[in-house]
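[1] 3D model of this:
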Amino acid sequence: MAVSPQSPQSAPPCEPRVPPQAAAPRPSSEGPESHPDRPHLTELRLSAFATHRGAGFPLGPLTLFAGPSGCGKTSALRAYEALARLGGGGEVGEVFPDPVACVPDRARPDAQRRRGFRIGCTADGPEGPVRLDVAVQAEPELRIVGERLTSGGLVLLETALRDPARRSVQAAWHTAGSSPVTRAPLPDDRLGTALLPLRVAGKTDGQRQVLAAAEQMVVALRSVFACDPVPDRMRAPVPIGDGRLLRDCANLADVLWRTRSECGRRHGQLVAALRTGCAGTVADVLAEPLRDGLVTAVLDRGDRGRTGFGRLGDGELRYAALALVLLTGPGVLEVDPPGEVPAAMQTLTVLADGLDRGLDVRQRAELLRLAARMCERGHIRLVGAVSDASWADRAEGVTVVHLEP
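    Residues are numbered from 1 along each chain as shown. Alright, predicted model coming up:
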């Protein structure tokens, strides 16, 4: 069965109307302690993506995708990161370097040899639930061929590919002025929602509603840090740089060189976490300077000397890196948050594939406690993938999404 890449629901731009599906409800894990003033995603939709078809997943402050290998955990995180990069203005070719791998299994091309995939999400915040659905054509050439932004049952932006020979889509957005909609072409290589602030004047109530909904979606998507620590890369000394943690955490020593002096309270919390997750005595964790501008990370064992990170096990290194990620923020992690939005209105989302990889029972439990505590404060959210979530199923504040192969 072919997956039509024409648009999220293969409909042309039209007058604002009620979409067939109502806005998704908020996950049950988000109650009165949630932070509606901070835009954040509450649902990830994989209508047709890799192994997923017609799937919708609730997202709480701390969400774990669980299941055996091949069930689609990594695909879900990859789709989330792709939406985040598109929301930040990323070009579709950079976001999907291998778009054919995103096409659903067994999807057949249509008469024009086209195949594609569809993803979407819901962002909650001051404007209430706002839905975004995107259709991407992977073959014969990569392009965004359909997009729909809706709020409160009203279509605020809708695009569709009209002329395959042109590198643009026809867009219509809500105006509610002398003309109910405004129509104009938009490029087919970027997300229209991210471009709306450059195209919409904001002179009418309808235009202001469009801008507010688009801003909420973009802010919810922008601050994302995809993290998968690689222990072998964390053991070697690294040059002193800008102190921003990379997704593989290879430069963890450089980050410690910076953060140990910048925030004593957070550093103390990191040391406390490492006392639980690392074997032996841990009095401190620091970066030692070497020759030629290099630094190396070490555990201070007090009277027992120091242990370099090169001698730690894979589980200890992954645990240390993930704990550091949860205790820092956009200024330390390699992310591109919306600079025009106050930090108090932003929420950082950490995507952690293989969250439990290499961790023992003690490390896993302590990391979950740390994540739950940090996520409860509202400034950080965590979406992780684990092979087995039996250890987290009954934990308070954790949304577990069980997937089957």
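[2] I'd like the distance between P140 and S47.
    Per CB to CB, to the nearest Å, P140 is found 21 Å from S47. Placement of C-beta: from N, CA and C, glycine included.
[3] When the two are compared, which one has more neighbours?
    More crowded of P140 and S47, by other CB atoms under 10 Å: S47, with 20 against 12.
[4] helix, strand or coil for the more buried one?
    Here S47 is strand, with the state taken from DSSP: H, G, I helix; E, B strand; the rest coil.
[5] Would you agree it is in contact with A79?
    No. Contact between S47 and A79 fails when scored by CB atoms under 8 Å: they sit 10.3 Å apart.
[6] give me the low-pLDDT residue ranges for the stretch 151-300 of the chain?
    Under the criterion pLDDT under 70, no range of the stretch 151-300 of the chain is flagged.
[7] all helices for it, in order.
    Taking DSSP state H, counting those that start in this stretch, the helices of the stretch 151-300 of the chain run over residues 192-199, 205-222, 231-234, 252-262, 264-277.
[8] Ok, which of these comes nearest G67?
    Ranking the helices of the stretch 151-300 of the chain by proximity to G67 (CB to CB) places helix 231-234 first, at 24.0 Å.
[9] What lies in contact with that closest one?
    248-250, 252-253, 297, 309, 313-314, 317-318, 321, 358 (CB atoms under 8 Å, 6 or more residues apart in numbering).
[10] and with 6 Å instead?
    With contact meaning CB atoms under 6 Å, 6 or more residues apart in numbering, helix 231-234 is reached by D248, C249, A250, L252, D314, L317.
[11] and what of stretch 391-402?
    Contacts for stretch 391-402 (CB under 6 Å, 6+ apart): 27, 29, 57-58, 60, 62-66, 368, 372, 389.
[12] out of those, which are inside helices?
    Using DSSP state H, the members of the contacts of stretch 391-402 that fall within helices are L368, A372.
[13] would you turn the contacts of stretch 391-402 into CSV with pLDDT and distance to P129?
    Converted to CSV, the contacts of stretch 391-402 look like this (pLDDT from 0 to 100; distance: CB to CB, whole Å):
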residue, pLDDT, distance to P129
P27, 40, 11
S29, 39, 16
F57, 98, 15
P58, 97, 12
G60, 95, 15
L62, 97, 20
T63, 97, 17
L64, 97, 23
F65, 97, 21
A66, 97, 25
L368, 95, 28
A372, 94, 24
A389, 93, 26
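[14] and which of the contacts of stretch 391-402 is nearest to L86?
    F57 (18.2 Å).
[15] contacting residues for the nearest residue to A253 once chain neighbours are set aside?
    Take A253 and drop its neighbours on the chain: the residue closest to it by CB to CB, 6 or more residues apart in numbering is A297, 3.9 Å away. With contact taken as CB under 6 Å, 6+ apart, A297 is in contact with L252, A253, L256, A287, F309.
[16] Just give me the neighbour total for the last one.
    It refers to F309. F309 has 23 nearby residues by other CB under 10 Å.
[17] And the residue nearest to it when sequence neighbours are not counted, how close does it get to L327?
    Among residues not flanking F309 along the chain, A297 sits closest, at 4.2 Å (CB to CB, 6+ apart). Going from A297 to L327 by CB to CB gives 15 Å.
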